[in-house]
Every structure is written in structure tokens, then in C-alpha cells.
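K.L.:
dropping a prediction and its sequence here:
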Amino acid sequence: EYQKGVKMAFYKALENIELKKYSEVNSETFAVIFYSKTSFKSNSLFDRDMKQKVSAYFEDEKRSSMLLSKELTGDARDVLVIKDFDAKKPKHKKYTWMNNIFLGLEKYGVVNASIYADTSNLIKDKNFVFDLAKIAEKATYRYTDTNPNTKSEATLKTLDICVDTSNASLKKLVEHGFNLGRGANTARNLGNRPANHATPTYIANHINDLAKEIGGFTVEILEERDMKKLGMGSLLSVSEGSVEPAKLVTMQYKGGKKDAKPIVLVGKGITFDTGGISLKPGAKMDLMKWDMSGAGSVIGTMCAVAASKLPVNLVCTVALSENMPAGNATKPGDVVTTMSGQTVEILNTDAEGRLVLCDALTYVKKFNPKVVIDTATLTGAVIIALGDVAAGVMGNDQKLVDKILEAGQNSGEKAWQLPLWDEYQSYLHSNFADIANIAPGRAAGTIEGGCFLSRFAEDYKWAHIDIAGVADIGEGKNKGSTGKPVGLLFEFVNSNR
């Protein structure tokens, strides 16, 4: 291990985020206050003279922030005044604006900060404090596991979210936002870890560590011999060429009523994808360490739900495997038998995500699910269709799909529906098996991935989220996992419990 000291399994960028009343705030802590023409006049945090000076400064529309240093004001603390978000702007810009608050605090080297949330007009939406806590934790994430000599943690350590009048509901929203941020960061950190570290075995062990640390959920790990007994020939065909054994890990959280059916989340966890015998081009192949992002998002969601003690029953299953070429690897044209009994002709070994997911989807039927949602970096085609803005969603139940789309809008992690019409099923015809794992041409690549999975999800309400375009940033200074769609999944679970 390259880690300095002992790190928590459940990632924590900030030591603490807390909701406080004005009267509870340390008067010397660096303060962030929002400015808008309408609300600033009634601000009780400045005297009349200072209000006039600040208002005069912001008369120039181009100005977005102003630092009032204690040396100049004679106050006990520095104050950063930030121009409030203009509600007329598109909603997605709100998240960028909030993220920039924490980039500003980093620039000023702030260790402890108090944000006076109710000086913003956004406080009218009670979720503003939830979003602040979530984005504070995500914005202060730094990957330092294998680069400790060149990368350091963020400067900010504690954040007080301040309101004049507090209540239990706002306190809970801040706690949930912090837990969601930590869940997303846990997914990011697993994704960013190199594939020689984050093997299926490492991730399975890490899930055990998370369960011990957070509490509230149990873990069951199926080894390859267990999967063989269950007839998971499809999942096992993917790990055939790798020295790393596959794992099927199931987490169970029972926070809801005893007899309530669980929401089930399934994640694709290909810890590295070379394409197998259908080998990928070498350029940018390093990005394939993020082919476990579906599993990462499911793990992060379980962490956030359990830490928040949501009153819901939740089952999360991740199919972990590595896809490598070798003398004994699965070959194009091979036929395997899935746990469902259906046979699959593997025309392309680089369409392997669906091969691990189909057996996982059959396996989770035993939990008698309310709904099943799988998340996967399944196809490059979804990037062509939707870019890095939205995930692609398909399913066999329109109400479920609509709820996912709504959760995407409410969480700022957008999704868009693609059709799963019966006409597309013929694309997967095979002369030598019940179904082929890929269509012969390039048409409707994301949809035929969904069609394949739908064959194994006929016994329950199911949706598939293809996150290939949104799970990571593949180049540039922000290269790394995004932690999506943990926000969408947490919102879905919390809204449909």
C-alpha cells in the first residue's frame, strides 16, 4: 500500500459538515455570505455602512465575489461575499456555481468555513442545504492513494452551514447530503485506483470493510466455485482468461418494514477491460479501469443509504471480473449457458458487461424485488448518442423509467430514455444459440445492449442505466471518476421507499 496513515474505507474528504444556528457559530471562522440586490438590504450580518460599500461594489454586473479581509474591516474574521445564483439561469449551472464556492475557499487556503446559507435566495428550496453539503464533500475530494508524494488533501477540513433558524429536518438534509457526497467519493476512489490495485478481490474485501465501518448492512461474497454450482456460465466466461478470480458480492440493508419488498441495484464491475480476445486498440486503454463504475456507483449508494439510515429495504449486487486475453480465454463464436438456462453465442468478447450482468440479474430474482435497476458502462454507443451530459435509460416498466428520469432531474445527474421496442430484439438473432451477445452491425448499439439484458429481467420491473458517457472524465486536468450516478440512485431510493 502507498497510503500514508490509515484511511477510512467510507471516503471522507471533510472532517465534518454541520448545520448551525447563527448563535452557535465561531465568530472567528472564515465566513461566506451571498449577495443579491433584493435580500442584502435585510442582511443582519453587516452594518449599514458596510452594506452600502458592498452594494456599490456589486453594481458592476461582471463582479462575482469580494473578499473583506479582517485586517481592513477590523472584524474578527475574513468574509467572502459571493454574488447569489441567478435563478433565471439553467439549473445545471447552479451546481457549477456551488462547486466554484469551494474552489474559491481552496484558493484562499481556508481550513474552516461558515456558509450563511439563508443569505442566498436558493434557501427557499430546502434541498439547498443538502446540495451544499453534498457538493462541499465532492469538491474537496482528492485522489492520493498511489501518488502521495505529489498530491495532497484539500485544505478545507470543516464546514458549518449556517441558518438563523434551524430545525431537525434541515439538520437531517445536511447529514444526508454529507453521506451522499461520501458515497459518491467512495465510488470515485474505487474507480480511480489502478486496476492492479482494485482487483475483484480487493473490491470485495473493501465492501466488507465498508460494512464493518458503516454498519447496518450484511455482505455475502460468492466465489467462482459457488457461481459454477449456480450455473453462471456467462459471468464465468468473462474471467476465464484472467488470473484474477471473479466475485459476485451482495449487500443487504433492511431499514424498511420487514415484509416490504426491496429495491435491488445491480452493478457491472469489470475491474479492467482489455476486450479479451476481441482486443481493444491500445490508445486510451487505461480508461478501462473505470469499467467497474456501475459497481462503484451501487457500492457508493449502499454506503450513503446505510449511513443515512433511510427507512427502506435495499439489496445491492455487484458482478466483479477482469476481462483479459489468454490461451484459455473465451473466443468469439463460443456458446455459454447462463444461469437462466438461455444459451448465448459470444460474437464479441468485448461485449462482456452484459455477460456478467445477465447472470446477476437472474440471481437477484431470489430477493423478490420491488424493482431492479442495473447500472453499467455498457456501450460506447451511448456516448455517441448522449455525450457526457446524460446517462441512457431503458426498461420494461414505464413508471419505473419515469421515476429514474425524475431522480436524474432532481439530483442534477440527468438521464434520458431510449426505446426498448420489440423490433430491436431481432438484432440479437443467433443460428447457434438462443441469443447473440451483440448485433452484427453498429446500429442502435446502446439499445441492443438493453435488449440483451431485458431477456434476463422478464420476471420483475426492471430498468437499465448506461453510464458510459457520464461515469468518468477521460482526459485533461480533471481526469478521473465523477461518482455518477450515485446522486441519481440515492435520490431514487430516498423518493421511492
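P.N.:
That came through fine. Residues are numbered from 1 along each chain as shown.

K.L.:
low-confidence regions, the stretch 101-250 of the chain specifically.
P.N.:
In the predicted model, the stretch 101-250 of the chain carries no residue with pLDDT under 70.

K.L.:
now the helices for it?
P.N.:
127-139, 168-192, 200-214, 224-230, 233-239 (DSSP state H, counting those that start in this stretch).

K.L.:
and the second one, what does it pack onto?
P.N.:
Spelled out, it's helix 168-192. strand 16-21, helix 127-139, helix 200-214, helix 293-308, strand 480-481, helix 486-495 (3 or more CB pairs under 8 Å, 6 or more residues apart in numbering; DSSP states H and E). The C-beta positions use only the backbone N, C-alpha and C, and glycine is treated the same way.

K.L.:
rewinding a little: rebuild the helices of the stretch 101-250 of the chain as CSV, extending it with mean neighbour count and distance to Gly294.
P.N.:
CSV is the format used below for the helices of the stretch 101-250 of the chain (neighbours: other CB atoms under 10 Å; distance: least, CB to CB, whole Å):
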stretch, mean neighbour count, distance to Gly294
helix 127-139, 24, 19
helix 168-192, 24, 10
helix 200-214, 19, 12
helix 224-230, 14, 18
helix 233-239, 26, 14
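
K.L.:
can you put those helices in JSON lines and add distance to Asp118?
P.N.:
Output for those, formatted as JSON lines (distance: least, CB to CB, whole Å):
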{"stretch": "helix 127-139", "distance to Asp118": "9"}
{"stretch": "helix 168-192", "distance to Asp118": "10"}
{"stretch": "helix 200-214", "distance to Asp118": "31"}
{"stretch": "helix 224-230", "distance to Asp118": "53"}
{"stretch": "helix 233-239", "distance to Asp118": "51"}
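
K.L.:
out of those helices, flag the one nearest Phe58.
P.N.:
helix 127-139 (20.9 Å; CB to CB).

K.L.:
which other residues reach that closest one?
P.N.:
12-14, 17, 19, 94-95, 98-99, 102-103, 115, 117, 120, 122-123, 154, 156, 159, 161, 163, 170, 173-178, 180-182, 184-185, 410, 412, 483, 487 (CB atoms under 8 Å, 6 or more residues apart in numbering).

K.L.:
tell me the angle it makes with helix 168-192.
P.N.:
With axes from the mean of the first three to the mean of the last three CA atoms, to 10 degrees as the basis, helix 127-139 and helix 168-192 are set at 30 degrees to each other.

K.L.:
alpha carbons of helix 127-139, as PDB, please.
P.N.:
In PDB, the C-alpha atoms belonging to helix 127-139 read as follows (Å, rounded to 0.1, in the frame of the first residue of the first chain):
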ATOM      1  CA  ASN A 127     -32.700  20.900  -0.700                       C
ATOM      2  CA  PHE A 128     -30.200  23.800  -1.000                       C
ATOM      3  CA  VAL A 129     -28.500  22.800   2.300                       C
ATOM      4  CA  PHE A 130     -28.500  19.100   1.100                       C
ATOM      5  CA  ASP A 131     -26.800  20.200  -2.200                       C
ATOM      6  CA  LEU A 132     -24.300  22.400  -0.300                       C
ATOM      7  CA  ALA A 133     -23.200  19.500   1.900                       C
ATOM      8  CA  LYS A 134     -23.000  17.100  -1.000                       C
ATOM      9  CA  ILE A 135     -21.000  19.400  -3.200                       C
ATOM     10  CA  ALA A 136     -18.700  20.500  -0.400                       C
ATOM     11  CA  GLU A 137     -17.700  16.900   0.200                       C
ATOM     12  CA  LYS A 138     -17.400  16.100  -3.600                       C
ATOM     13  CA  ALA A 139     -15.400  19.300  -4.300                       C
END
